[in-house]
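S.K.: Compute the structure for the input listed below.
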Amino acid sequence: MWKTGMLLLLWVLLASGELQQETESRRLPPPGKLDFGYVPAGVYETLAHYEPGPIGILFHMVHTYLYAVQPNAFPQDLLVKLAKDSFGAIQTEYQKPENIVLTLQAIYYEIGFLVCAAVGLLFAVLMPIVGLFFCMCRCCDNCGGEMHQRQRKNADCRRGLLGTLLFSTSLVITIGVLCAYAANQNLSSQVKNIRRLVNSNMRDLHTFANDTPMQIDYLISQYTTAKNKVIYDLDNIGPLLGGRIHDQLDKEVHPALDSVLNMAGAMRETKEALENVSVSLEVLQEGTGKLSFNLSLVRIGINRTLNDPGCHDEESDATSAQLCRNIRKSLSQLQISANFTRLPNVKTQLDRMTDVLKTDLTAVVQRGFSSLNDTPHMVTEQTRSVVESVQSLVDGIGNNISSFSKAFPVQSSLSNFTIFISHAHAKIEDYYPEIDQMDFYRWIGCIALCCMVVLVLAFNYLGLLCGTLGYDKHASPTTRGCISNTGGTMLMAGVGFSFIFSWVLMGVVTIIFLAGGNIEKLVCEPFHTKELFKVVDTPYLVNPEWKNFIPGYMYNDSELELTSESLYSTCKENKGIYSAMRLDKVFNISAFLNTTVFTKDVVAQLDSLKIDLRGIILLEAEGKQNLLDFSKAGLSEINYADYLEEVNKGVTVVDLLSFARELEAQTDLMPRGPLQTALKGHISTLRQIHTQQIIHMEQAMSALNHSMRFLERTASDLPNNVLAVLDAVESAQYLISQNATHLIKQETNKYTATLVGYFHQYLEWVKSSLAMEVAPCKPFSNMVDTAEIIACSFLIDSMNTFWMGLGCSTLFLLPSVILAVKLAKYYRRMDTEDVYDDIETIPMKTMEIGNNGYHSERSQGIPNPMMTSIPTYDTMNRFPRASAPPRHIDW
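M.R.: Next up is the predicted model:
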């Protein structure tokens, strides 16, 4: 049921979102970016991450120890070979070379664990045997069982050293027990968190199932965004398509019409130039007559003045006479230079230009521009029927998408998936009491194991405490106090319990070590490095016919590149289940939706657009005739050389101001008198003539010169220029009327591709949303991570820490036994002790102490028959274990 429900859910997701479409072979600038908003998404609450806290230090120590025990790399190839071979074949055909090699590889990988397990088993086997023999040995008064202690000079030092070492060993054992207890408690506390993790994972699955229909509906509803944009562009086909066509035509048309406008401006300037020529010529002709008359009057007047007797009396005034002669000679320069009366007028050309300008060529050109600018309106009117049909097709695509999505039982499928989740959750809930009960039993068992060690520690600490507090250095071994004797007895009790419990502890530690250590090295650690996925994803591992078992099992297509690692990694990144399960390679929803067919219909309708631009008239016949009339205005008939020749001559032969200044300089050299006064008057007249006539004539000549040169430039190649303008206009008109079909087709294709691009944007957004946002499969990777946290972080790390602490304590029970046995001799009350007499200086007290070298309780009032039968000097022979008397110098 789980597989069927999952497949149905995934198929529904893809069916609702996969809108594939063949890409048309069109290249255009990207259309306006559509904003489809954000897919509504739920929040998954599971945080599949575990922080162990302070106990993490112990976990790290265990991992370090396991790495020291097993530093080999993950045996991927070995596991794959073992998985591919049947265990039965290995057992029955173990002598095959390949099976022997596999066995040796497994032993080599497990050598660290095997050595440690061998040490543990050896400890567990030998410890009770050694304890048994040790007990029997002590019962025979050997192995420290004899209640006699030899006196040594360093006894206090030995006792202190043994006590310190035993205390240190007990501290190490205590630390180990505390670590084991902490691990045990951590596991129990973490077991309580299992329910919280499972519940949060189940809630996330419900969120996944509940949010998916809403997300699918949102994807479908956003088709309206693309449709509205397409309809908007269709409603504005005139500005959009017509505007593009206009812009492309304008590149050719605008320069042509600009040249006509330039020619219209040249017409106006030509007429103005002709008018200036006509006015200037009239002014110059009239001014030339007046100037000639006035200059002749000045010459006559000066000649009369020079007839003065003062100009002829060389004897009395030779200077004046000479000056008069010079002035008379220069009078010939006072005459006009340019003769404008011989120049013909330009009335004919001016009349022709007046007729040409009666036609407003600028207005004609503006009508051409207006006709071109009316292209968007023409496109709108000519494409109205096609636009309406395309709008109907667009609405039909939306209706088909909506009806297709409703054809699948999305809600019912997800409801079944939700029921499955709830059923699975209920089953898991049923196991919680059993899990709690099993954890309780486990906790009791671990506490019992810890209590075994704690019992030994209790005897050790109590023995040390009683022995240390009850020890009296002045008391002899046979007279030690009760407290000291109790301490020694407790130490021996601890030794006994160590032998009783240690083999059990070590056996349990070995079993947990082999299980927990191998799981950590073969499962938990490879999971974090993803090497475990490589084993699972090994081709043809699960089924010899399946390259990849997940697509082979779910889709019956093992060639599909879908592995457990890729599935886990994709879901870990919270991407959609569509991309995680590679559903795009499995389901071809385009065949069901037929969006390509709809798109082709839209393209076909738009390709059927017929736009006729022959109604655009750039330059009417009136404007063309006006240009031809301008070229025939007779500007080339004007004799520009004669005009420019007269203009370049100047108004007079000599500059009147210069002549007046020279005349005035000569006059100043004459003596004062009527002659000088008369000449001064003539000089003033010359200056007045220059101011009133020459300046105005020079201005008129400058205007005439400028106008004639402009007319000369205009007329130089006017017919050819007019023909060039007309040719440019004709070319642009021909482009619009005859060759615009290709341009219209090109721009129509671009416009069509823009509309189709909106559908592409929607489809790409749907694909991206399906891959990244719709039905994000984070809950499924969280389930795997939760299982890893429960198995590895909660269980394996805690149990590994438990065996590490308990094993350390168990190992240190061995030195604890040795130290406790040796130290008990110094605390327990002995039956006999070493007593020595100094033969040379101290008389023997055979009646008080006894003559056998031992202290005897019977000598203090209890009859001792041995005292009368054994000679005092035979002590060493009778009791060979008695120590020889030390030298006096050693005391």
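S.K.: which helix of this protein spans the most residues?
M.R.: helix 155-221 (DSSP state H).
S.K.: what does the next helix or strand after that helix contact?
M.R.: Note on helix 155-221: by DSSP states H and E, the next helix or strand toward the C-terminus is helix 223-235. Here helix 223-235 makes contact (CB atoms under 8 Å, 6 or more residues apart in numbering) with 32, 34-36, 240, 387, 390-391, 394-395, 397-398, 401, 751, 754-755, 758-759, 761-762. For glycine as for every other residue, the C-beta is placed from the backbone atoms N, C-alpha and C.
S.K.: avg pLDDT for whatever helix or strand comes next after helix 223-235?
M.R.: Next helix or strand after helix 223-235 toward the C-terminus (DSSP H and E): helix 237. Mean per-residue pLDDT for helix 237: 87.
S.K.: now swap in stretch 76-85 and tell me
M.R.: 76.
S.K.: Quick check: buried residues in it?
M.R.: Leu78, Leu79, Val80, Lys81, Leu82 (16 or more other CB atoms under 10 Å).
S.K.: Any chance of JSON lines for those, columns secondary structure and distance to Arg244?
M.R.: Output for the buried residues of stretch 76-85, formatted as JSON lines (DSSP: H, G, I helix; E, B strand; the rest coil; distance: CB to CB, whole Å):
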{"residue": "Leu78", "secondary structure": "helix", "distance to Arg244": "69"}
{"residue": "Leu79", "secondary structure": "helix", "distance to Arg244": "66"}
{"residue": "Val80", "secondary structure": "helix", "distance to Arg244": "63"}
{"residue": "Lys81", "secondary structure": "helix", "distance to Arg244": "68"}
{"residue": "Leu82", "secondary structure": "helix", "distance to Arg244": "70"}
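S.K.: between these, which is nearest Val654?
M.R.: Each of the buried residues of stretch 76-85 was scored against Val654 by CB to CB, and Val80 proved nearest at 121.9 Å.
S.K.: Check what pLDDT the closest residue in space to that closest one that isn't next to it in sequence gets.
M.R.: Nearest non-adjacent residue to Val80, counting by CB to CB, 6 or more residues apart in numbering: Thr538, 5.0 Å away. Looking at Thr538, its pLDDT reads 81.
S.K.: Could you do the one 5 residues further on as well?
M.R.: The predicted local distance difference test score for Asn543 is 77.
S.K.: mind starting the numbering at 641 from now?
M.R.: OK, 641 is where the count begins now, so the last one is Asn1183.
S.K.: Distance-wise, check the residue nearest to Tyr1280 when sequence neighbours are not counted relative to His1346.
M.R.: Among residues not flanking Tyr1280 along the chain, Glu1352 sits closest, at 4.5 Å (CB to CB, 6+ apart). Using CB to CB, to the nearest Å, Glu1352 is found at 11 Å from His1346.
S.K.: Over to Val1461?
M.R.: From Val1461 to His1346 the distance is 137 Å (CB to CB).
S.K.: which one of these two has more residues nearby?
M.R.: Val1461 (20 against 15; other CB atoms under 10 Å).
S.K.: what's the host helix or strand of the more buried one packed up against?
M.R.: Using DSSP H and E, Val1461 falls within helix 1453-1467. The contact analysis (3 or more CB pairs under 8 Å, 6 or more residues apart in numbering; DSSP states H and E) places helix 1453-1467 against helix 795-861, helix 1050-1110, helix 1122-1159.
S.K.: What helices and strands are in contact with the second one?
M.R.: With contacts defined as 3+ CB pairs under 8 Å, 6+ apart, the secondary structure elements packing on helix 1050-1110 are helix 642-657, helix 795-861, helix 1122-1159, helix 1437-1451, helix 1453-1467.
S.K.: Then the shortest one?
M.R.: Using 3+ CB pairs under 8 Å, 6+ apart as the contact test, the elements touching helix 1122-1159 are helix 751-779, helix 1050-1110, helix 1437-1451, helix 1453-1467.
S.K.: just so I know, which of the ones you listed lies nearest Ile1329?
M.R.: That would be helix 1050-1110 among these, by CB to CB, at 110.3 Å.
S.K.: how big is the angle separating the closest one from helix 795-861?
M.R.: 170 degrees (axes from the mean of the first three to the mean of the last three CA atoms, to 10 degrees).
S.K.: any idea of the mean pLDDT for helix 1050-1110?
M.R.: 89.
S.K.: what does stretch 989-1004 give?
M.R.: Per-residue scores along stretch 989-1004 average to 84.
S.K.: quick one: buried residues of it?
M.R.: Neighbour counts over stretch 989-1004 (16+ other CB under 10 Å) mark Gln989, Leu990, Arg992, Met993, Val996, Leu997, Thr999, Leu1001, Val1004 as buried.
S.K.: so the last one makes contact with Glu1262?
M.R.: Yes. At 6.1 Å, Val1004 counts as touching Glu1262 under the criterion of CB atoms under 8 Å.
S.K.: export the buried residues of stretch 989-1004 to TSV and tack on distance to Leu1267?
M.R.: Formatted as TSV, those follow (distance: CB to CB, whole Å):
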residue	distance to Leu1267
Gln989	17
Leu990	19
Arg992	14
Met993	13
Val996	9
Leu997	12
Thr999	10
Leu1001	7
Val1004	10
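S.K.: Next step: the residues you listed restricted to helices.
M.R.: Those of the buried residues of stretch 989-1004 lying in helices (DSSP H): Gln989, Leu990, Arg992, Met993, Val996, Leu1001, Val1004.
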